[in-house]
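Asker: Build the 3D model from these lines:
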Amino acid sequence: MWNETSAGGLGPRRSTIVRRVVEYILGERHGVPLANIDFFAGSMDHLIVEPEAVRRSLYLEDSVAAGKGFANAVTAFDELAKEIKELKDIPLEVSAVQPCTPELRYSSVFTPSPRRLKDFDRLPASLRHIEPLEFHLALEGSGSWPDDLEAVQKIKSAFLAKMGEGLEARRSVLKAEVVVEVDARPIDDNVSLEILTAAGWAFRARIYYDRSQILLEEREEQLGDAAAASTSSHLSPLDSHLQRFVHAPRHHGAMCALQNHFPSFSPTVRLLKRWASAHMLSAHFDHEQLELVAASVFLDPASPFDPPQSGATGFARAMDRLATWKWRDEPLLVPVYSFTQATSSARRAVLPVADRQAAVESFQALRLAKPNVDEHAWVIATEADLDGTVWGRRAGKVVAARIRGLAKATLATLQAGVAAGSLVVEVRSDLSLLFLAAARLY
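Answerer: Okay, the predicted model is just below:
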């Protein structure tokens, strides 16, 4: 029986199993030694796995070694969601709990694992951070909510405090604290509940109030140009609300659907994020942008190839996409929602003609209005965002040009390494920079 657990903890790697079968046949039947067989598909798996010594010292249970992968995080979230819905002493019942974080859609660089809390305070400050898994709460309807946006945040704070008390009364939760973002505007969603479970997981809960959108729209209507002028340096309150509570959950669901259909999507997007982080560029791009770039190589209707069957192949095609995409002159069209709504047998999706035309016209208008391209250098349009500007406000032309140059160098190195049969992929530990076959990428 051929079986092997993936380095990313996603179950058996089909490409690795094929390699072992081929190696066996070539060795047993044709006398070909293993040293003469080059295998590309699994050469990057170690880049999305933390060193074993790190995992052993930080985690209570190593999800990678146990072969559970992201299932551990999903199970922990499901258990907490069940406990939240069972809380009785809260003003309104929780009607829905919506995950909204890369760790719960199989797209975080490293596989999440529960942290070891024993002697936690003795760890260096750099190791005491636990990335919270974010989710949104929807509450049952009530006419008692105020119409003042600032008061809405105070109601949220009081509700989350009550919920935290209920969770702390249970053995499974060690701490639940209300956190207020001091830099946020008073009318923004600026309050959340940070939860630390006894099992070593951290979560962040936010409350979605459906009437907030209506109140924000009315506010913008009343203020007019004054509202736009006051928020020129960052997202408007309405756009911030829509990004967090409308677009982000919708994107999360689409990425989960892609992963369910294409098992190699997860390692592809994780390698892409690892690459961007290794070149210290990840701060300039939203998670959602990089995930949509990865999705584009799986859904491209013009591609003559089948969707990638391994993370390495998907990563190479993502590099080709970044190296050849003329982001100054054209948007990237990713029909991710048309795909998720299609039949389960669908392999490609096409953006409807009307949507495609609207996206191109919106892009042209954006470039005419802002020719300097100081923001939104990448315009990635989907059916839910034909303007392609929900994500990527802080990415300008300089960083976009930089990442394109790096992609070209990386792609050339990959092609040369595969052609020569000597692809070497490693991480230099002192600076955590990714080098492909010792390429001079800087």
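Asker: For burial, what's the neighbour tally of the residue lying closest to Ile130 once chain neighbours are set aside?
Answerer: Spatial nearest neighbour of Ile130, excluding adjacent residues (Cβ to Cβ, 6 or more residues apart in numbering): Ala202 at 4.1 Å. C-beta here means a position set from N, CA and C on the backbone, and glycine is covered the same way. Using other Cβ atoms under 10 Å, Ala202 has 18 neighbouring residues.
Asker: which residues touch Ala202?
Answerer: Arg115, Ile130, Glu131, Pro132, Leu133, Glu194, Ile195, Leu196 (Cβ atoms under 8 Å, 6 or more residues apart in numbering).
Asker: In the protein, where is pLDDT below threshold?
Answerer: By pLDDT under 70, the low-scoring segments of the chain are 1-16, 39-42, 225-233, 340-348, 418-442.
Asker: show me where it has helices.
Answerer: Remark: helices assigned in the chain by DSSP state H are 14-30, 52-58, 71-86, 149-168, 211-223, 225-230, 237-242, 248-261, 265-278, 287-299, 311-324, 336-341, 353-369, 397-420.
Asker: can you put those helices in JSON lines and add distance to Arg122?
Answerer: Below are those laid out as JSON lines (distance: least, Cβ to Cβ, whole Å):
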{"stretch": "helix 14-30", "distance to Arg122": "39"}
{"stretch": "helix 52-58", "distance to Arg122": "12"}
{"stretch": "helix 71-86", "distance to Arg122": "24"}
{"stretch": "helix 149-168", "distance to Arg122": "24"}
{"stretch": "helix 211-223", "distance to Arg122": "42"}
{"stretch": "helix 225-230", "distance to Arg122": "46"}
{"stretch": "helix 237-242", "distance to Arg122": "39"}
{"stretch": "helix 248-261", "distance to Arg122": "36"}
{"stretch": "helix 265-278", "distance to Arg122": "28"}
{"stretch": "helix 287-299", "distance to Arg122": "32"}
{"stretch": "helix 311-324", "distance to Arg122": "36"}
{"stretch": "helix 336-341", "distance to Arg122": "45"}
{"stretch": "helix 353-369", "distance to Arg122": "52"}
{"stretch": "helix 397-420", "distance to Arg122": "39"}
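Asker: Ala205 contacts Val191, correct?
Answerer: No. Using Cβ atoms under 8 Å, Ala205 makes no contact with Val191, being 10.1 Å away.
Asker: Next, show the common contact partners of those two.
Answerer: Leu160.
Asker: Could you check how far Val350 is from Pro249?
Answerer: 25 Å (Cβ to Cβ, to the nearest Å).
Asker: Check Ala318 too.
Answerer: Per Cβ to Cβ, Ala318 is found 24 Å from Pro249.
Asker: Between these two, which is the more surrounded one?
Answerer: More crowded of Ala318 and Pro249, by other Cβ under 10 Å: Ala318, with 26 against 17.
Asker: which ones are touching the more buried one?
Answerer: With Cβ under 8 Å, 6+ apart, Ala318 has these contacts: Thr268, Leu271, Leu272, Val293, Ala294, Val297.
Asker: ok, the closest residue to it other than its chain neighbours to Gly166 distance?
Answerer: Closest residue to Ala318 apart from its sequence neighbours, by Cβ to Cβ, 6+ apart: Leu272 at 5.0 Å. As judged by Cβ to Cβ, Leu272 and Gly166 stand 40 Å apart.
Asker: higher neighbour count, the two?
Answerer: Leu272 (25 against 17).
Asker: Now that the more buried one has come up, it's in contact with Val293, right?
Answerer: Yes. Taking Cβ under 8 Å as the definition, Leu272 is a contact partner of Val293 at 6.7 Å.
Asker: follow-up on the earlier one: tell me how far the residue nearest to Ala318 lies from Ala151.
Answerer: With Cβ to Cβ as the criterion, Leu272 and Ala151 are 42 Å apart.
Asker: In space, not sequence, find me the middle residue of this protein.
Answerer: Closest to where the C-alpha atoms of the chain average out (Cα atoms, centre = their mean) is Pro102, at 3.8 Å.
Asker: residues touching that one, list them.
Answerer: Pro102 sits in contact with Ser108, His287, Glu291, where contact means Cβ under 8 Å, 6+ apart.
Asker: Same question for Leu117.
Answerer: Leu60, Leu174, Ala198, Gly200.
Asker: Nearest to Glu79 among the contacts of Pro102?
Answerer: Ser108 (19.3 Å; Cβ to Cβ).
Asker: In space, what's closest to the closest one - neighbours in sequence excluded?
Answerer: Pro102 (4.2 Å).
Asker: ok, now how distant is the one you found from Asp286?
Answerer: Pro102 is 11 Å from Asp286, by Cβ to Cβ.
Asker: same check, this time on Ala400
Answerer: Distance from Ala400 to Asp286, by Cβ to Cβ: 14 Å.
Asker: Also Leu127?
Answerer: 26 Å.
Asker: Could you pull out the strands in the stretch 51-200 of the chain for me?
Answerer: Per DSSP state E, counting those that start in this stretch, the stretch 51-200 of the chain carries strands over the ranges 94-99, 133-139, 173-180, 191-197.
Asker: Most neighbours among the contacts of Ala318, please name it.
Answerer: Ala294 (30 neighbours).
Asker: tell me the contacts of Leu235?
Answerer: By Cβ under 8 Å, 6+ apart, the neighbours of Leu235 are Gln243, Arg393.
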